[in-house]
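K.L.:
A structural model of the following input is requested.
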Amino acid sequence: MIDPLLVSLALAGLVAGLTGTWSPCGFSMIETIGPTGHPGGLRTTLAASATFAPFALLGGVVTFLLLSLVGGLLGEAGPLRFGIAIGLALVAAGAEARGLRIVPQVRRQLPVRWRSRLPMPLAASGYGTLLGLGFTTFVLTYGVWALMGIALALGDPTAGIVIGLAFGLGRAAPIVALAPLADRPLGERACEAMALRPGLLRGARIGDAVALIAVAVALAGSAGAEAARKEVAKASDPGTAGTALVYERNNGHGEMRRADGELERLPGSDPAVGGPWVALVDRDRAVLLDRATLEQPGPSLGAAGADAVAVTNGWLAVRVRQRGRDKLKAAPVGADGSIGRARLLARVKRPSQLSAPALSGNALVVAVSKRGRNELVRFRLRQGRRPKRKTLISTRTAAIAGPSIAAKKIAYVLTTAKRQSVRIKGFGKGKGRSRYRRHQGPPTLWTTAIDRDRVLVTVVKRGGRSKIISLHR
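P.N.:
Next up is the predicted model:
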């Protein structure tokens, strides 16, 4: 799923970069790189354009990524910082719409001596970097300053990279496009129009205003998505299907909440819900209950050491911890609730660990923690045939915990040395997008449950107490 905030930030960065062409540095760069700015002619112009463009992108990334990293060191982006970012976007949009004079203005221009002392492609790379940085030369838009503040407030490196790439592209594109035409009538007319028709700059700044308003709207939506609310106090390990929510109370017993708010105590621990079933652990057995009546339709599954289950229409999965090993098993479930023979899917020896399993349809996901490597694995279960195994994530630098699955979306907790995040991804490679982040240390994010609209997350506080919070997807 495309993140509207990143799209709006990219658009604002691109438009701000394009507006930056209306400056002494932008005009002079077209002339400097163009065929009349050096003795090398069109061939040198094309070579200089080829070095100017990537270094403009690099300069943009350096500025905005560094700002976002500094913002990340200041702590998690909460409602206050989202509010600051929204305010910056709206104030800058108002200033752009009114065409206010840019204050403060950097009056430094590009070093002219570079083009006489260095080969033009090398000089162009330096010019591209300075223009991409954004704060080292003239920039005729408040959008640049607003985006710098927004990158700092969000503290999100992904947002910083997106803004930087878009801004650098906006700075480079018109210069690279016009430089080869600088000695031709078409290029001369374009540059004259930009210099002599103030309405063009006015239109560009109106475009900046519109893009910044879009950023403010997207920020407001993301602030709502980031805002977590308490779902269940004194509980952990959520599971959800349809309108039913199951979890384990801090005292160890399972509980189910129905759509009307009715709470029902379950006859066991570690509950899971899926399809028409509720599954739970009762001593050394995995028990299946009808979700509507909470009656047991048939015999349970013997599973000595079981401490986690998952269930869906056609499958029951069980994690067993016994004799220093973690084992993951899956058994087919009939329409009448009968449980077939369990098949071993995975086995690891301590200190390696398997997470609690999660099921959706025929897809089972589990996090595998090994010495020196952590993985997120998907199994495709097949009746009477060996399941297909696929590693979705493999990392040596982060821990993976608490996966859950709904349709083709997986939620899980990713923990690095500095922070934890709740992430959502599909069945392909990659770590997916972050929906909630916090710095490492108590409280700790643990298990998840995902449905169509939300992600439920266990938050473990000091002393082992826990609660469940709800995040918008």
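K.L.:
burial of A195, as a residue count?
P.N.:
A195: 12 surrounding residues under other C-beta atoms under 10 Å. For every residue, glycine as well, the C-beta is placed using N, CA and C.
K.L.:
the one 10 residues further on now?
P.N.:
R205 has 25 neighbouring residues, counting by other C-beta under 10 Å.
K.L.:
quickly find the element holding it.
P.N.:
helix 198-226 (DSSP states H and E).
K.L.:
do V320 as well
P.N.:
strand 315-322.
K.L.:
just how off-centre is that strand within its chain?
P.N.:
Centroid separation for strand 315-322 versus its chain: 31 Å, with C-alpha atoms, centre = their mean, to the nearest Å.
K.L.:
let's have the chain start at 43 instead
P.N.:
Noted, 43 is the first residue going forward, which turns the last one into strand 357-364.
K.L.:
what packs against it?
P.N.:
When contacts are defined as 3 or more C-beta pairs under 8 Å, 6 or more residues apart in numbering; DSSP states H and E, strand 357-364 sits against strand 327-332, strand 348-353, strand 367-374, strand 405-412.
K.L.:
the last one - contacts with which helices or strands?
P.N.:
Okay, so that is strand 405-412. Packing partners of strand 405-412 (3+ C-beta pairs under 8 Å, 6+ apart): strand 357-364, strand 385-391, strand 395-396, strand 400-402, strand 415-424, strand 441-448, strand 451-457.
K.L.:
now with 7 Å?
P.N.:
Counting by 3 or more C-beta pairs under 7 Å, 6 or more residues apart in numbering; DSSP states H and E, the packing neighbours recorded for strand 405-412 are strand 385-391, strand 395-396, strand 415-424, strand 441-448.
K.L.:
what sits up against that strand?
P.N.:
By C-beta atoms under 7 Å, 6 or more residues apart in numbering, the surrounding residues in contact with strand 405-412 are 359, 370, 372, 388, 390, 394-397, 399-400, 416-423, 441-443, 445, 447, 452, 454.
K.L.:
okay, the angle between that strand and strand 367-374?
P.N.:
Here strand 405-412 runs at an angle of 170 degrees relative to strand 367-374 (axes from the mean of the first three to the mean of the last three C-alpha atoms, to 10 degrees).
K.L.:
name the strands paired with strand 405-412 and say parallel or antiparallel.
P.N.:
strand 395-396 (antiparallel), strand 400-402 (antiparallel), strand 415-424 (antiparallel) (DSSP bridges).
K.L.:
buried deepest among the ones you listed, which one?
P.N.:
Compared across the strands paired with strand 405-412, strand 400-402 shows the largest average neighbour count, a mean of 26 (mean count of other C-beta atoms under 10 Å).
K.L.:
pLDDT of it, averaged?
P.N.:
Across strand 400-402, pLDDT averages out at 97.
K.L.:
show me how far it is from its chain's centre.
P.N.:
22 Å.
K.L.:
and stretch 505-512, by the same measure?
P.N.:
The chain centre lies 23 Å from the centre of stretch 505-512; the measure is C-alpha atoms, centre = their mean.
K.L.:
stretch 422-436 now?
P.N.:
Put simply, stretch 422-436 sits 26 Å off its chain's centre (C-alpha atoms, centre = their mean).
K.L.:
neighbouring contacts of that stretch?
P.N.:
Stretch 422-436 is contacted by residues 357, 372, 374, 387, 404-406, 415, 417-421, 442, 469, 471, 473 when judged by C-beta under 7 Å, 6+ apart.
K.L.:
that older thread, show me which residues of the helix holding R247 are buried.
P.N.:
Within helix 240-268, the residues that count as buried by 16 or more other C-beta atoms under 10 Å are 243, 246-261, 264-265, 267-268.
K.L.:
before we move on, what about stretch 88-99?
P.N.:
Residues of stretch 88-99 classed as buried: L88, A89, A90, S91, T93, F94, A95, F97, A98, L99 (neighbour count, 16+ other C-beta under 10 Å).
K.L.:
A90 versus the residue nearest to G83 when sequence neighbours are not counted, what's the distance?
P.N.:
Once flanking residues are discounted, G83 sits nearest to P77: 5.3 Å by C-beta to C-beta, 6 or more residues apart in numbering. Counting by C-beta to C-beta, to the nearest Å, the gap from P77 to A90 is 10 Å.
K.L.:
just P146 next, same as before
P.N.:
For P146, the distance to A90 - C-beta to C-beta - is 31 Å.
K.L.:
packing partners for the longest helix along the chain?
P.N.:
If you go by DSSP state H, the chain has its longest helix at helix 83-115. Here helix 83-115 touches helix 66-75, helix 162-175, helix 184-196, helix 199-220, going by 3+ C-beta pairs under 7 Å, 6+ apart.
K.L.:
which helix or strand in the chain has the lowest average pLDDT?
P.N.:
Across the helices and strands of the chain, mean confidence by mean pLDDT, DSSP states H and E is lowest for strand 271-275: a mean of 73.
K.L.:
after that one comes which helix or strand?
P.N.:
Beyond strand 271-275 on the C-terminal side, the first helix or strand identified by DSSP H and E is strand 277-283.
K.L.:
can I get the CA coordinates of that following strand in PDB?
P.N.:
Extracted C-alpha coordinates of strand 277-283, given in PDB (Å, rounded to 0.1, in the frame of the first residue of the first chain):
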ATOM      1  CA  ALA A 277      -4.200  -8.300  28.800                       C
ATOM      2  CA  SER A 278      -1.800  -9.700  26.200                       C
ATOM      3  CA  ASP A 279      -1.500 -11.800  23.000                       C
ATOM      4  CA  PRO A 280      -4.600 -10.600  21.100                       C
ATOM      5  CA  GLY A 281      -6.300 -12.500  18.300                       C
ATOM      6  CA  THR A 282      -9.100 -11.200  16.100                       C
ATOM      7  CA  ALA A 283     -11.400 -12.500  13.400                       C
END
